[in-house]
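Peer 1: No sequence on hand, only this structure:
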C-alpha cells in the first residue's frame, strides 16, 4: 500500500503545482503591482549619468578639434578662395535628392521609340 501511495503522490503533486501556477498567473494578471518609484528614480539617475558622459565626450571633442573651428574667418579685404573644381559650377547650389520632409522623386518612365 505504501508503494501505491508514493506512486500516486507524484502525479497529485505535479497536478497541484500546475493548479497553483495557473491560479497565481491569473491572480497576477488581474492585480498587477503598482509602479515602483525606485525604478523611475533609477531610470532618471541612469539618464543623468548618460547625459554627463555625453557632455564629457562632446567637451573632449571640442577641446581636441576646437582650434579648427576657431580659425579666423577671411576679412572683407580678402575674397574667400574657392577651389577650381567648385568655381566651374553654376552659382546655384545643388539640392539633395531628398530631405527629411521630402522623399526622392520616382525615376522617369521609359519612353518607347
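Peer 2: Here it is on my side, so go on. Quantities reported herein were computed from a predicted structural model and do not represent experimental measurements.

Peer 1: Tell me how many other residues surround residue 6.
Peer 2: Residues lying near residue 6 (other C-beta atoms under 10 Å) number 9. All C-beta atoms are positioned from the backbone trio N, CA, C, and that covers glycine.

Peer 1: Flag the shaky bits of the chain, pLDDT-wise.
Peer 2: Counting by pLDDT under 70, the chain has low-confidence residues at 71-105, 113.

Peer 1: what about the longest helix in it?
Peer 2: In the chain, with assignment by DSSP state H, the single longest helix is helix 37-69.

Peer 1: on contacts alone, who are the packing partners of that one?
Peer 2: Packed against helix 37-69, as judged by 3 or more C-beta pairs under 8 Å, 6 or more residues apart in numbering; DSSP states H and E, are no other helices or strands.

Peer 1: got the contact list for residue 33?
Peer 2: Not one residue lies near residue 33 by C-beta atoms under 8 Å, 6 or more residues apart in numbering.
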